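Trainee: quick one: sequence plus predicted model below, questions after.
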Amino acid sequence: MKLHTKKHTLLLAVVLAVLAAAGLARTFRATASPARQPLAMPVADVLPAFTCPEDAPGERTCELWAREGSITLPDGGTAPIWGFANRLPDAASFPGPALIVDQGDIVNVVFHNEIPGENISLVFTGQELYPVLTGIATSETVTYTFTAVSPGTFKYEAGLTPNGARQVAMGLGGGLIVRPATANQAYDVAASAYDDEALLVFNELDPAFNADPNGFNMTDYKPSYWFINGKAYSETEKIFTAPGNNVLLRAVNLGLQEHSLGVLGMH
């Protein structure tokens, strides 16, 4: 799974078991049936997304707070994380909220750093921005501005500061969706049309690393939990659709390891 966009559109059948991919969008077709049944739940609800508010026609502003938090593990234990919230006083989420904008929008991302002792910058994959190598210190704020030129599935995450990779491993990242002008398409081509969609964000967790992210020797990194949208098996969400529907799966890898995505039991 790669984190940058790969624009593949496939037609297969759906009822999903998924294990990781990144920065790509794929369309699957559920097996046709004489009578369509209503969705049991909206596919987009698998991972809540946040449409950046429109300040003026063609311009949107999002806010992100980097905050300390924790995640509950499948065995009932907890692990500390660093994550994003898109408003206060919301807790940090793992992964961060997915940001949604439209193709052609001028996007302003107001970033607040609340993590003690960490200089943090942001990078937005697939977007035209100069890399920031220093970041901002704790309690500081900066605004990133870019034009969302190309539609597709991207990500934002901690950037190219000396500690950026550890910050990403702690959870500082999320999905970024740029929608084309035509509704219910992944890209500017009719073949990418879909009825339902889901964003799948993959990462992993080594409790020993999360307990001491700056003192940990990364050569000893051995994850014991693998997540889809912040949940590990057997708590991962189901994706429901109706027979005959095209389902768009947007996949983003925020982990340090490679991940792959499978649609099991299908052609």
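Mentor: Ah, there it is.
Trainee: bridging across strands, which residues link to T145?
Mentor: N108 (DSSP bridges).
Trainee: for L160, what are its contacts?
Mentor: L160 makes contacts with 121, 123, 131-133, as judged by Cβ atoms under 8 Å, 6 or more residues apart in numbering. To be clear about C-beta, it is placed using only N, CA and C from the backbone, and glycine gets the same treatment.
Trainee: lowest-confidence one in those residues?
Mentor: Within these, pLDDT reaches its minimum at P131, with 88.
Trainee: which one is that one nearest to, not counting chain neighbours?
Mentor: Leaving aside its chain neighbours, P131 sits nearest to L160 (5.0 Å; criterion: Cβ to Cβ, 6 or more residues apart in numbering).
Trainee: could you confirm that neighbour falls within a strand?
Mentor: No - L160: not assigned to a strand; according to DSSP: H, G, I helix; E, B strand; the rest coil it is coil.
Trainee: mind checking pLDDT for it?
Mentor: For L160, the predicted pLDDT is 94.
Trainee: quick one: it from N184, how far?
Mentor: Distance, L160 to N184, using Cβ to Cβ, to the nearest Å: 35 Å.
Trainee: low-confidence ranges in the stretch 1-150 of the chain?
Mentor: Scanning the stretch 1-150 of the chain with the threshold set as pLDDT under 70 gives 1-48.
Trainee: ranges for the strands of it?
Mentor: For the stretch 1-150 of the chain, the strands defined by DSSP state E, counting those that start in this stretch cover 6-7, 24-29, 49-51, 54-56, 59-72, 78-85, 96-102, 106-113, 122-124, 141-147.
Trainee: the stretch 151-267 of the chain: strands as residue ranges?
Mentor: According to DSSP E, counting those that start in this stretch, the stretch 151-267 of the chain carries its strands in the segments 152-158, 173-179, 196-205, 225-228, 246-253.
Trainee: could you export those strands as CSV, including mean neighbour count and distance to G215?
Mentor: Rendered in CSV, the data for these read as follows (neighbours: other Cβ atoms under 10 Å; distance: least, Cβ to Cβ, whole Å):
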stretch, mean neighbour count, distance to G215
strand 152-158, 26, 18
strand 173-179, 25, 22
strand 196-205, 24, 17
strand 225-228, 22, 20
strand 246-253, 26, 26
